[in-house]
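Participant: Pasting the sequence and the predicted coordinates here, then a few questions.
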Amino acid sequence: MPIKILDPNQRLTNGSSAHHTLMDKFVIRGGNPLLGAVRISGAKNAALPAMAAAILTEEPVTLENIPDVRDIQTERNLLVSMGAEVELGYGRAHHRTTISCRNLVNPEAAYELVKTMRASTLVLGPLVARMGRARVSLPGGCAIGARPIDLHIKGLEKLGATITQEHGYIEASAERLKGGHIAFDKITVTGTEDLMMAAALAEGETLMENCAREPEVEDLAVLLNKMGARIEGAGTSTIRIRGVEKLHGARHRIIPDRIEAGTFLIAGALIGGDVIVGNCEPKHLGALLDKLQECGVKIKSNGDSVRVTGDGALKSADMITEEYPGFPTDMQAQYMALATQAEGTSVVTENIFENRFMHAQELVRMGANIKVEGSKAIVRGRTPLSSAAVQCSDLRASASLVIAALVADGETILDRVYHIDRGYERIEEKLRGIGAQIRRIGEMLPKRTVQAEAAAVNR
C-alpha cells in the first residue's frame with residue numbers, strides 16, 4: 001500500500017479547514033427531546049499515544065477507528081514534521097491511518113505544532129528510545145490547570161536519559177535506555193503511556209508502580225504487544241516491561257471514546273429523551289452509569305451499546321472526580337450541566353485539575369445556580385436555563401455548554417467551538433441526527449484569505 005505524506009494544509013475530512021474552525025460558532029435552540037441512536041467514534045486519548053507508538057518501529061503501523069478531530073490532525077502534522085510518512089484513509093476507510101516512521105530525521109516537537117495539544121509529550125519517550133534523542137516543546141492544550149511534565153522527566157532519568165530544559169523545550173538523550181524501577185509520585189495517564197513506550201525498547205526489565213489504570217493505557221499496551229513488546233499488568237497499578245531490541249509493524253483498532261459516549265448519555269438523560277449510544281464499551285463507563293442511575297436515569301446496557309431514558313424527574317447526587325475507575329474528570333463539566341436540572345443540591349468535587357470550573361460561570365450566565373468554593377462547586381438544581389452568548393474555555397467545558405443549551409429556552413450561541421473540535425467528531429451532525437436543533441456558523445472570507453490563514457496556522 002503506498003504511503004502518502006500528509007499535506008500540512010489538508011482539510012479535516014468533515015470539510016472544515018483549520019481556519020474555519022477557529023472562528024466557528026454553534027447556534028443551538030433548546031427544548032427538543034433527543035430520540036434515536038448515535039454512533040461513538042474512536043477514543044482520541046487512545047489514538048494519540050497509539051500514533052506516537054509508531055515512532056518505535058521502522059515498519060508501518062496501521063490504526064483503525066481513528067477519530068476525525070483536530071488533535072489527531074495536529075499529531076499527524078507533528079509526525080510528518082519529523083520525517084514520518086502518513087497515509088489517510090478515504091471513503092469508507094477514512095477513519096484508518098497508516099504511519100511509517102522508517103526515515104525519521106527530526107526528533108523535535110516544535111512549539112508551533114503542539115501549542116494547542118497537551119498530548120505532545122507522548123512523543124518524548126518513543127523518540128529517545130528509537131533515536132537516542134528528543135527535543136519536545138512543553139505542552140499546550142486546555143486552560144484547566146497545571147499538567148506537570150516532571151513525572152515524565154523523572155521516569156526517563158530513571159531509565160538512564162540525560163535531560164535538560166531551556167527556552168520552553170525539554171531535551172533528552174541516551175545511547176540506549178536501560179530498565180529501571182519507576183514509582184510515580186502521582187498517578188499520570190500520559191506519564192504512564194510515555195514511559196511504557198520508552199521502556200519497551202530499553203535494555204533489561206522496567207517495573208512501574210502507581211500507574212494509571214485507564215482503558216487507554218491498556219489499549220496502548222495491547223498495540224505495543226502486537227508490535228513485539230513484552231508488557232504485563234497494563235490496566236493495573238503495576239506494569240512490568242521486559243525491553244526488546246526491536247519492534248515491528250502492526251494493525252490495531254482503537255477503543256471507543258468513553259468520554260464522547262458519556263457526553264451523549266448525559267444529553268439524552270437531560271432532555272427527557274430516549275437515546276441509544278452505540279459502538280461504545282459499557283464496562284469503561286461504570287462510574288458514570290452508576291451515578292446516572294443514582295440520579296434517577298434509566299440505563300440499559302446491551303453488548304456494545306447503552307440506552308438511556310430520561311423520562312422521570314432527576315435527583316441530585318454529589319460527585320467526586322477520581323482516577324479510573326472512579327468518576328472521570330473529563331465528565332465533570334457535563335455532569336454539572338445535568339446537576340443544574342436535578343431536584344436538590346449537588347456538590348461537585350474536582351480532585352484532578354485545580355482550575356476546571358471555568359464553565360461554571362458560563363452556566364450561571366444561562367441561569368444556573370452554582371457557587372464555587374475551592375475544589376467544590378455547589379449546584380442548586382431544577383433551575384430553568386435561558387439562552388445566552390457563551391464562550392468555550394476548554395474541550396469538556398464546551399461539551400457542558402452544548403448540553404446546557406439543549407435544555408435552555410431560546411437560541412444559545414457558543415463561541416470558540418474550536419475547543420470542542422479538538423475532541424468531538426462532528427458533534428453537531430450527531431446531535432442533529434437525534435433531534436437537536438444545532439447548526440454551525442462561521443465568518444465568510446475570500447477563499448484566498450482562508451487558505452493563507454490556514455497555512456499560517458499550520459506553519
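Facilitator: All right, it came through fine. Residues are numbered from 1 along each chain as shown.

Participant: any low-confidence regions in the stretch 1-150 of the chain?
Facilitator: Scanning the stretch 1-150 of the chain for pLDDT under 70 picks out the ranges 1-21, 91, 118, 139-148.

Participant: Helices of that one, start to end?
Facilitator: Applying DSSP state H, counting those that start in this stretch to the stretch 1-150 of the chain gives helices spanning 18-23, 44-53, 70-81, 111-114, 124-131, 150-158.

Participant: And for the stretch 301-450 of the chain?
Facilitator: Going by DSSP H, counting those that start in this stretch, the stretch 301-450 of the chain shows helices at 332-339, 358-365, 395-407, 418-421, 427-433, 447-458.

Participant: Just put those in CSV and tack on distance to Glu85, mean neighbour count and mean pLDDT.
Facilitator: For glycine as for every other residue, the C-beta is placed from the backbone atoms N, C-alpha and C. Shown next, in CSV, are the helices of the stretch 301-450 of the chain (distance: least, Cβ to Cβ, whole Å; neighbours: other Cβ atoms under 10 Å; pLDDT from 0 to 100):
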stretch, distance to Glu85, mean neighbour count, mean pLDDT
helix 332-339, 38, 28, 97
helix 358-365, 39, 20, 95
helix 395-407, 29, 27, 95
helix 418-421, 26, 25, 93
helix 427-433, 31, 18, 97
helix 447-458, 18, 14, 45
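
Participant: so which of these comes closest to Ala93?
Facilitator: helix 427-433 (19.4 Å; Cβ to Cβ).

Participant: and of the helices of the stretch 301-450 of the chain, who's closest to Ala389?
Facilitator: Set against Ala389 and scored by Cβ to Cβ, these come closest in helix 358-365, at 8.4 Å.

Participant: quick one on the thing from earlier: of all the helices of the stretch 1-150 of the chain, which one is nearest Glu322?
Facilitator: The nearest among the helices of the stretch 1-150 of the chain, by Cβ to Cβ, is helix 44-53 at 16.7 Å.

Participant: show me where pLDDT drops low in the stretch 301-450 of the chain?
Facilitator: Scanning the stretch 301-450 of the chain for pLDDT under 70 picks out 443-450.

Participant: Give me the spatial nearest neighbour of Leu314, chain neighbours excluded.
Facilitator: Nearest non-adjacent residue to Leu314, counting by Cβ to Cβ, 6 or more residues apart in numbering: Ala342, 3.9 Å away.

Participant: Pull the contacting residues for that neighbour.
Facilitator: Shown in contact with Ala342 (Cβ atoms under 8 Å, 6 or more residues apart in numbering): Cys295, Leu314, Lys315, Ser316, Ala317, Gly381, Arg382.

Participant: sorry, back to before: could I get the helices of the stretch 301-450 of the chain as a markdown table with distance to Gly42?
Facilitator: Shown next, in a markdown table, are these (distance: least, Cβ to Cβ, whole Å):
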| stretch | distance to Gly42 |
| --- | --- |
| helix 332-339 | 19 |
| helix 358-365 | 25 |
| helix 395-407 | 16 |
| helix 418-421 | 16 |
| helix 427-433 | 14 |
| helix 447-458 | 23 |
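
Participant: of those, which approaches Glu175 most closely?
Facilitator: From the helices of the stretch 301-450 of the chain, taking Cβ to Cβ, the stretch that ends up closest is helix 447-458, at 34.6 Å.

Participant: Restricting to C-alpha, output stretch 422-439 in PDB.
Facilitator: The C-alpha trace of stretch 422-439 is given here as PDB (Å, rounded to 0.1, in the frame of the first residue of the first chain):
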ATOM      1  CA  ARG A 422     -10.300  19.100  19.300                       C
ATOM      2  CA  GLY A 423     -12.000  16.000  20.800                       C
ATOM      3  CA  TYR A 424     -15.500  15.500  19.400                       C
ATOM      4  CA  GLU A 425     -16.100  14.300  15.800                       C
ATOM      5  CA  ARG A 426     -18.900  16.200  14.000                       C
ATOM      6  CA  ILE A 427     -20.800  16.600  17.300                       C
ATOM      7  CA  GLU A 428     -23.300  18.900  15.700                       C
ATOM      8  CA  GLU A 429     -24.200  16.400  13.000                       C
ATOM      9  CA  LYS A 430     -24.500  13.600  15.500                       C
ATOM     10  CA  LEU A 431     -26.800  15.700  17.700                       C
ATOM     11  CA  ARG A 432     -29.000  16.700  14.700                       C
ATOM     12  CA  GLY A 433     -29.300  13.000  13.900                       C
ATOM     13  CA  ILE A 434     -31.100  12.500  17.200                       C
ATOM     14  CA  GLY A 435     -33.300  15.600  17.000                       C
ATOM     15  CA  ALA A 436     -31.300  18.500  18.300                       C
ATOM     16  CA  GLN A 437     -31.600  21.900  16.700                       C
ATOM     17  CA  ILE A 438     -28.000  22.900  16.300                       C
ATOM     18  CA  ARG A 439     -26.100  24.500  13.400                       C
END
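
Participant: Show me the contact partners of it.
Facilitator: By Cβ under 8 Å, 6+ apart, the surrounding residues in contact with stretch 422-439 are 14, 26-30, 32-39, 41, 44, 67-71, 116-117, 259-260, 263-264, 267-268, 273, 275, 395-396, 399, 402, 405-406, 420, 440.

Participant: do the same with stretch 278-285
Facilitator: The contact list for stretch 278-285, computed with Cβ under 8 Å, 6+ apart, reads 37-40, 215, 255-258, 261-262, 265, 289, 301, 304-306.

Participant: And stretch 185-196, by the same measure?
Facilitator: Applying Cβ under 8 Å, 6+ apart, the contact partners of stretch 185-196 are 45, 49, 118-119, 121-122, 124-126, 147, 151-152, 154-156, 159, 182, 184, 206, 208, 210-212, 214, 216-217, 220-221, 224, 231, 234, 239, 241, 323.

Participant: can you do 7 Å?
Facilitator: Here stretch 185-196 makes contact (Cβ atoms under 7 Å, 6 or more residues apart in numbering) with 49, 119, 121-122, 124-125, 151-152, 155, 182, 184, 208, 210-212, 214, 216-217, 220-221, 231, 239, 241, 323.

Participant: Cys211 and Arg240 touch, don't they?
Facilitator: No: counting by Cβ atoms under 7 Å, Arg240 is not a contact partner of Cys211; they are 10.4 Å apart.
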